[in-house]
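*Asks:* just need the structure, nothing else, for what follows:
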Amino acid sequence: MLMGPQNLPERLSEVRGRIGKAAAAAGRCVDYITLLGVTKGQPATVVHAAARAGLADFGESYLQEALEKIAAVEKLRAEAGAAPQASAASIRWHFIGRLQSNKTRPVAETFAWAHAVDRLKIAERLAEQRPYYAPPLNICLQVNVAGEGSKGGVSLEELPALAAAVVALPRIKLRGLMCLPPEEEDPARQRHWFALVRAALERLNASGWGLDTLSMGMSGDFEAAILEGATIVRVGTALFGPRPP
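*Replies:* I've put the predicted structure just below:
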């Protein structure tokens with residue numbers, strides 16, 4: 001059942017409380033962990049309600065749905081009296097789905113972040129198509145940490161070469177790594193995969209790049225991800241309930 005917008009402040013507080021407890025257990029400052037609400041399949045009214053409840057970052061996986069939703073949310077915010085400048089500043093849109101080369105332009109023109117870049121061609125197109133007047137597009141490289149054929153992502157072995165090429169591109173900024181590890185029930189197994197990605201980021205930073213982002217952890221495992229250094233957790237079901245059929 002779709003969770004009603006009236007429940008969002010309570011659910012947002014609950015998820016933030018879980019993030020805070022995990023951060024405390026890791027000895028980390030919660031201010032350095034971003035809650036990214038995954039709203040694929042959810043209507044614009046839910047995004048609008050979540051933004052009014054204080055959520056600033058939203059993630060979408062399907063481009064056409066995302067573009068329509070962004071426009072609808074801006075219309076709702078305008079109707080509610082938010083100035084366009086304030087509206088644009090208070091919501092950050094993240095594209096978290098795998099990108100095809102023929103769909104990079106709308107992402108380059110519309111989003112603040114792209115989380116699932118795993119090919120140099122995609123990064124080059126995003127760099128070429130990012131408007132000159134916009135701030136650099138924040139990029140995370142997706143790591144296929146378990147070598148799963150059903151998932152995108154660069155291998156740990158191929159990661160350094162891809163990162164070296166991407167970090168040199170203009171108009172985009174390589175911020176860090178993203179992963180979709182195998183689903184695990186055991187928290188120790190969850191941490192195992194996240195630890196591999198954290199170690200990969202540390203190896204890249206040994207080159208002096210100063211990468212600061214680990215986009216990892218979802219509704220079922222974000223506490224384990226925070227224990228291993230996640231700076232962005234991508235939470236959908238725990239905030240919004242199951243996606244509509």
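*Asks:* use CA for all of it now, contacts and neighbours both
*Replies:* Noted.
*Asks:* and the helices in this protein?
*Replies:* 8-26, 44-52, 63-79, 84-90, 104-110, 120-129, 159-166, 187-205, 222-227, 237-240 (DSSP state H).
*Asks:* just say which of these is most tucked in.
*Replies:* helix 222-227 (a mean of 24; mean count of other CA atoms under 10 Å).
*Asks:* show me the shaky parts of the chain.
*Replies:* 1-6, 82-89, 244-245 (pLDDT under 70).
*Asks:* repeat that with 90
*Replies:* 1-7, 77-90, 207, 241-245 (pLDDT under 90).
*Asks:* who's in contact with the residue nearest to Glu184 when sequence neighbours are not counted?
*Replies:* Nearest in space to Glu184, with sequence neighbours left out and distances taken as CA to CA, 6 or more residues apart in numbering, is Gln190 at 5.7 Å. Shown in contact with Gln190 (CA atoms under 8 Å, 6 or more residues apart in numbering): Pro181, Glu183, Glu184, Asp221, Ala224, Ala225.
*Asks:* burial of the first one, as a residue count?
*Replies:* Right, the one you point to is Pro181. Here the number of neighbours of Pro181 (other CA atoms under 10 Å) works out to 21.
*Asks:* ok, it - contacts?
*Replies:* Asn144, Val145, Ala146, Gln190, Trp193, Phe194.
*Asks:* separation between it and Phe111?
*Replies:* 24 Å (CA to CA, to the nearest Å).
*Asks:* before we move on, the earlier item: between the contacts of Gln190, which is closest to Ile122?
*Replies:* Pro181 (21.8 Å; CA to CA).
*Asks:* run a quick neighbour tally on Gln42.
*Replies:* 20.
*Asks:* once you drop chain neighbours, what's closest to it?
*Replies:* Going by CA to CA, 6+ apart, Gln42 has Arg243 as its nearest residue, at 6.3 Å.
*Asks:* so what's that neighbour up against?
*Replies:* Leu2, Lys40, Gly41, Gln42, Thr237.
*Asks:* using JSON lines, lay out the residues you listed together with distance to Phe58.
*Replies:* Formatted as JSON lines, those follow (distance: CA to CA, whole Å):
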{"residue": "Leu2", "distance to Phe58": "18"}
{"residue": "Lys40", "distance to Phe58": "9"}
{"residue": "Gly41", "distance to Phe58": "12"}
{"residue": "Gln42", "distance to Phe58": "11"}
{"residue": "Thr237", "distance to Phe58": "13"}
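*Asks:* of all those, which two lie farthest apart?
*Replies:* Spatial extent of these (CA to CA) is set by the pair Leu2 and Lys40 at 12.7 Å.
*Asks:* more neighbours, these two?
*Replies:* Lys40 (20 against 13).
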